[in-house]
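Engineer: Can you look at this prediction? I've put the sequence above it.
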Amino acid sequence: MSETERHRALLDQRSAALAARGLAERHLGARADFLVCAVGAEHYGFPIAATAAVMPGRPCTAVPGAPAALRGIVAHAGIIVSVIDLAHVLGLGRNGETVGQGHFLRLRVDGPPVALAVDRVIGLASVEAGAIEAPPLVDGRDGLGAEAVSGYAPAGSDRGGSVSDGFAIIDLQRLLRPFLS
Amino acid sequence: MSISIGNRILLGFAVITAILVALGLYATSQIGTVRETIDRIVSRDLMVLRQLDDLGNRARDLGVQRRNAVIAVLMRERGRSVKDEDYYAIWRRTAAATDTLFADLTRMSGEFRTQSISSDRAASWERLSGALRDTLQTYTVYRDRSDTQLKAVTAADFDAVETMNAEVSRLYEATVSGIDQTRSALDESIAAGQRGATGTYERSRLSIILTLIGAVALSLLVAWAITRAVVRPIEEVMTFVARIGTGDLTVRTAATGNDEIGRLGTTLNAMVDNLADLARTNRSSTADLNAAAAQIRASAQEQAASVEEQFAAVQQTAATVDEITHSGAQISKRASDVIATAQASAQNAKAGLRAASDTAKAMDAIREQGEAVAGNIVALSEKTQAIGEIITTVNDVSERTHLLSLNAAIEAAAAGESGRSFAIVAAEMKLLADQAKGATVQVRSLLSEIQRGINSSVMLTEEAVKRAAAGKLRTDATVRTIEEMAARVEESVQTFQQIVASTNQQQLGIEQVMGALQNIRQASQQTAAGTREVEMASANLTELAQGLMTLAERYRL
């Protein structure tokens, strides 16, 4: 495989993607945009209006007496931001594994500024409102750590085309309730 | 009994001397007693004898004076003139002296009777005293009558004188005879005195003889004691010495005091100890000598056997040397053949050496080229590393772009509808960033494949270089081996030449060896004779040692 052949294949793939986007946008209804993040093997989506910024992960200053999920505080754009480990909050139990790596997702919420530590912010997903499914219930109750999940976007529901896998939609109010109350 | 022997003998002599001195003193005193007795008897008897003689003379004087008075009366009667003398007065004086004599005698006889030395003598003194009293009575009558007659003479009574004269004369005679009897009684007393003196002498002699016998017995006792004190220990010591003389060295004398015998015993004990040590040493030395003699004899016998073997070996050696002489000539011939072959081998080895040197040079060239290839590949690898770093930078840029596009999309969403077109640009930017990231991933995988190929090339090139070096080493080893082989062949040629020369010398030497073997044979015969003599001498020595052992066994330890 020569260099020119590979370059040509990349350009062709890109052209096809651009062409498909323009075609889909014409007959689309109401949509919701979500910022999709990866935590371990799981993907979670946040409403884009609730996000303030994305920044590269870096070491945090630990706060004495803080809850286990609070990784620490960092300074960003002149303000102090509290960093909460999303994996810990969702009970995935991978706290400390990705310290100094990954991305911080700063949220746009009432109260003190808060950022969530995730493995990677994958991209922007634009999902039709009708494609969003209700969260699965186990024995009539929410699953473990699922009390903050408000819905589930199945794979292929992204009309933008940049997020191929399905993801769980997080309700930030419910997620952050223990920390902001 | 710690008195020394000399003191014992001296004590014995002193005792005997004391006995002799006592005996002499006693004998002297006895002799003095005898002499005193005799003196006393002689002096008394002589005194009484003199008194009696005096008394007799007085009695006769009395008679003569009375007669003269009577004769004067008669003359006057006849008318003749006579010298007028007082006869009576003279007579009176004489009579008084006679009375005194009588009284003395009576007193002396009484005294002597009481002091007499024997009853015999006392009886003789008694008889003498009785005779004296009788004579005194007769004398008293005679004196009274004579007094009356002399008064009559004075009165010139002639008749009276005439009548009385016969009686007075008879009394006179009686008195004189009485005195003579007394004298004879005195003689008896003298004889009794002689007997008394003889008795005293006999007693003294008897007592001296008894004392002498006692002294002799005492001296014998002292001599026996000396013998017992001196001779018995000496006999014990002599018995002890006699046992030592028979060889019994286990005994020790008990005589160990402070006297001469004790010191002699102590010295003898020490001497016996030394003798026992000497005998013990002598016995062990003799045993050693015996063992040594036996060893010498065994060695001599072994030597005789080995001399026999030696003799046989010399015979065999002579035969072998003959064979060596024959084989030596063959060795010389074969060695000459080997020399020719070895010289041909040396020529071949030089040709092989040249070929091996060429191979070594070719190997060196291969190795140098391989090293150059390896250097090029390493440079290539470094370039690949630089490309990897560039890819890392590009990846970083794409990641930043990814975040930047996400933030842009967030800002666009925040702007609402007016940010709609900006959101499209942001999505475009994100797409580019994702594609750049995928390209870097592909480049990175390609680079890792290239790196693997480079690494394997490097390893293969290094292997080739190593193999070339090993080939060079082996070729060098071959060269050295061939050189050594050539040198060895040269040495072999020289060695075989030396072998030929040595074989020739060996032939000469073997002839000398034959002569020497002849000498050895003669010497072996002489050695055999000498060994027999040594064996006989060692046998004699063994007998001698056994005799010494027997002598040493005499001493009991």
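Structural biologist: Perfect, I can see it now.

Engineer: Just checking, which helix or strand of chain A averages the lowest pLDDT?
Structural biologist: The helix or strand of chain A with the poorest confidence is strand A:141-142; it has a mean of 50 (mean pLDDT, DSSP states H and E).

Engineer: And the helix or strand following it, what does it pack against?
Structural biologist: Remark: after strand A:141-142, the chain's next helix or strand is strand A:149-153, criterion DSSP states H and E. When contacts are defined as 3 or more CB pairs under 8 Å, 6 or more residues apart in numbering or on different chains; DSSP states H and E, strand A:149-153 packs onto strand A:167-170. C-beta coordinates here come from the backbone N, C-alpha and C atoms, glycine included.

Engineer: Run through who's touching the strand it packs on.
Structural biologist: With contacts defined as CB atoms under 8 Å, 6 or more residues apart in numbering or on different chains, strand A:167-170 is touched by A:34, A:36, A:42-47, A:125, A:132, A:135, A:146, A:148-153.

Engineer: got it, and stretch B:264-284?
Structural biologist: With contacts defined as CB under 8 Å, 6+ apart, stretch B:264-284 is touched by B:237, B:240-241, B:244, B:249-257, B:549, B:552-553, B:555, B:557.

Engineer: What separation is there between residue A:45 and residue A:170?
Structural biologist: Distance, residue A:45 to residue A:170, by CB to CB, to the nearest Å: 7 Å.

Engineer: tell me which residues in stretch B:62-81 are buried?
Structural biologist: Buried residues in stretch B:62-81, counted by 16 or more other CB atoms under 10 Å in any protein chain shown: B:62, B:63, B:65, B:66, B:68, B:69, B:70, B:72, B:73, B:74.

Engineer: average model confidence for the helix or strand harbouring residue B:49?
Structural biologist: Counting by DSSP H and E, the element that carries residue B:49 is helix B:5-77. What helix B:5-77 shows for mean pLDDT is 86.

Engineer: Kindly state the neighbouring-residue count (a burial measure) for residue B:350.
Structural biologist: If you count neighbours by other CB atoms under 10 Å in any protein chain shown, residue B:350 ends up with 11.

Engineer: isn't it right next to residue B:486, touching?
Structural biologist: Yes - Residue B:350 lies in contact with residue B:486 (CB atoms under 8 Å); the separation is 6.5 Å.

Engineer: for chain B, longest helix please?
Structural biologist: Longest helix of chain B, by residue count under DSSP state H: helix B:260-415.

Engineer: okay, the angle between it and helix B:5-77?
Structural biologist: Between helix B:260-415 and helix B:5-77, the angle comes out at 150 degrees (axes from the mean of the first three to the mean of the last three CA atoms, to 10 degrees).

Engineer: so which strand or helix has the residue of the stretch 451-557 of chain B found nearest chain A?
Structural biologist: When distances are taken as CB to the nearest CB, the stretch 451-557 of chain B reaches nearest to chain A at residue B:453, 15.8 Å away. Under the criterion of DSSP H and E, residue B:453 resides in helix B:420-553.

Engineer: avg pLDDT for that helix?
Structural biologist: For helix B:420-553, mean pLDDT rounds to 87.

Engineer: Next, the angle helix B:260-415 makes with it.
Structural biologist: Orientation check (the same axes, to 10 degrees): helix B:420-553 against helix B:260-415 gives 170 degrees.

Engineer: ok now helix B:420-553, how far from the chain's centre?
Structural biologist: 73 Å (CA atoms, centre = their mean, to the nearest Å).

Engineer: So which residues on chain A come close to chain B?
Structural biologist: Where chain A comes near chain B, counting by CB under 8 Å from any CB of the partner chain, the residues are A:6, A:10, A:13-14, A:17, A:33, A:35, A:48-49, A:51-56, A:103, A:108, A:121, A:123-124, A:160, A:162.

Engineer: just the buried members of those?
Structural biologist: Buried residues within the residues of chain A next to chain B, defined by neighbour count using 16+ other CB under 10 Å: A:33, A:35, A:48, A:51-55, A:103, A:108, A:121, A:123-124, A:160, A:162.

Engineer: Residue B:226 and residue B:14 touch, don't they?
Structural biologist: No - between residue B:226 and residue B:14 there is no contact under CB under 8 Å: 11.4 Å.

Engineer: Name the residue in those two with the higher neighbour count.
Structural biologist: residue B:226 (19 against 12).

Engineer: now that one: how far from chain A?
Structural biologist: 132 Å (CB to the nearest CB, to the nearest Å).

Engineer: what does residue B:105 give?
Structural biologist: 183 Å.

Engineer: repeat for residue B:158
Structural biologist: From residue B:158 across to chain A, the span is 218 Å (CB to the nearest CB).

Engineer: wait, what's in contact with that residue?
Structural biologist: B:73, B:74, B:77.

Engineer: tell me the phi and psi of it?
Structural biologist: phi -60, psi -40 (degrees, to the nearest 10).

Engineer: and whichever residue of the stretch 101-250 of chain B sits closest to chain A, helix, strand or coil?
Structural biologist: Here the residue of the stretch 101-250 of chain B nearest chain A is residue B:250; by CB to the nearest CB that distance is 106.6 Å. With DSSP: H, G, I helix; E, B strand; the rest coil as the basis, residue B:250 sits in coil.

Engineer: Do I have it right that it meets residue B:556?
Structural biologist: Yes - assessed by CB under 8 Å, residue B:250 is found in contact with residue B:556 at 5.5 Å.

Engineer: Which single one of the contacts of residue B:158 is nearest to chain A?
Structural biologist: Out of the contacts of residue B:158, the member with the shortest distance to chain A (by CB to the nearest CB) is residue B:73, at 214.3 Å.

Engineer: Let me know whether the closest one touches residue B:160 as I believe.
Structural biologist: No - look at residue B:73 against residue B:160 with CB under 8 Å: they stay out of range, at 9.8 Å.

Engineer: ok, back up a step: among the residues of chain A next to chain B, name the ones in helices.
Structural biologist: Within those, residues falling in helices by DSSP H are A:6, A:10, A:13, A:14, A:17.

Engineer: Out of these, which comes closest to residue B:171?
Structural biologist: Nearest to residue B:171 among these is residue A:6, at 234.2 Å by CB to CB.

Engineer: Now do the same contact list for that closest one.
Structural biologist: Counting by CB under 8 Å, 6+ apart, residue A:6 makes contact with residue B:442.

Engineer: at 10 Å what do you get?
Structural biologist: B:439, B:442, B:443, B:446 (CB atoms under 10 Å, 6 or more residues apart in numbering or on different chains).

Engineer: Tell me the pLDDT of it.
Structural biologist: Looking at residue A:6, its pLDDT stands at 88.

Engineer: And for residue B:6, the neighbour number?
Structural biologist: Residues near residue B:6, counting by other CB under 10 Å: 11.

Engineer: so residue B:84 makes contact with residue B:75?
Structural biologist: No - applying CB atoms under 10 Å, one finds residue B:84 not in contact with residue B:75, separated by 11.4 Å.

Engineer: on that earlier part again, which residues touch the residue of the stretch 101-250 of chain B closest to chain A?
Structural biologist: Taking CB under 10 Å, 6+ apart, we find residue B:250 in contact with B:243, B:244, B:272, B:276, B:555, B:556, B:557.

Engineer: Can you give me the separation between it and residue B:458?
Structural biologist: Computed as CB to CB, the residue B:250 to residue B:458 distance reads 105 Å.

Engineer: Let's verify the residue nearest the centre of chain A: helix, strand, or coil?
Structural biologist: For chain A, residue A:37 is the residue whose C-alpha lies nearest the centre (CA atoms, centre = their mean; 2.9 Å). Following three-state DSSP, residue A:37 is assigned to strand.
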